[in-house]
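Participant: no sequence on this one, just coordinates:
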């Protein structure tokens with residue numbers, strides 16, 4: 001058994017460390033696996049396509065119809 005350098009710290013419970021931003025975004029893991037990365041890319045492509053559709057619809061609302 002190892003002995004801590006400071007004996008007053010010996011009986012204190014070890015607190016879990018805070019997650020990094022990356023870990024929070026990856027369900028507590030440091031890195032994404034390949035399948036999850038592919039899903040993230042597909043999702044981003046869908047979001048981009050939907051945003052483009054929204055932009056086009058907004059332009060239609062601004063322009064008066066003939």
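Facilitator: Arrived safely. Not measured: the values here are computed from a predicted model. Numbers count the residues shown, from 1 in each chain.
Participant: from the chain's centroid, how far away is whichever helix in the chain runs longest?
Facilitator: Counting residues, the longest helix found in the chain (DSSP state H) is helix 34-62. The chain centre lies 17 Å from the centre of helix 34-62; the measure is C-alpha atoms, centre = their mean, to the nearest Å.
Participant: quick one: mean pLDDT over that helix.
Facilitator: Averaging pLDDT along helix 34-62 gives 92.
Participant: who are the packing partners of it?
Facilitator: Judged by 3 or more C-beta pairs under 8 Å, 6 or more residues apart in numbering; DSSP states H and E, helix 34-62 is in contact with no other helix or strand. Every residue, glycine included, has its C-beta placed from N, CA and C.
Participant: tell me, what residue is most central in this protein?
Facilitator: residue 25 (2.6 Å; C-alpha atoms, centre = their mean).
Participant: ok, now how distant is that one from residue 40?
Facilitator: 10 Å (C-beta to C-beta, to the nearest Å).
Participant: next: residue 47.
Facilitator: Residue 47 is 10 Å from residue 40, by C-beta to C-beta.
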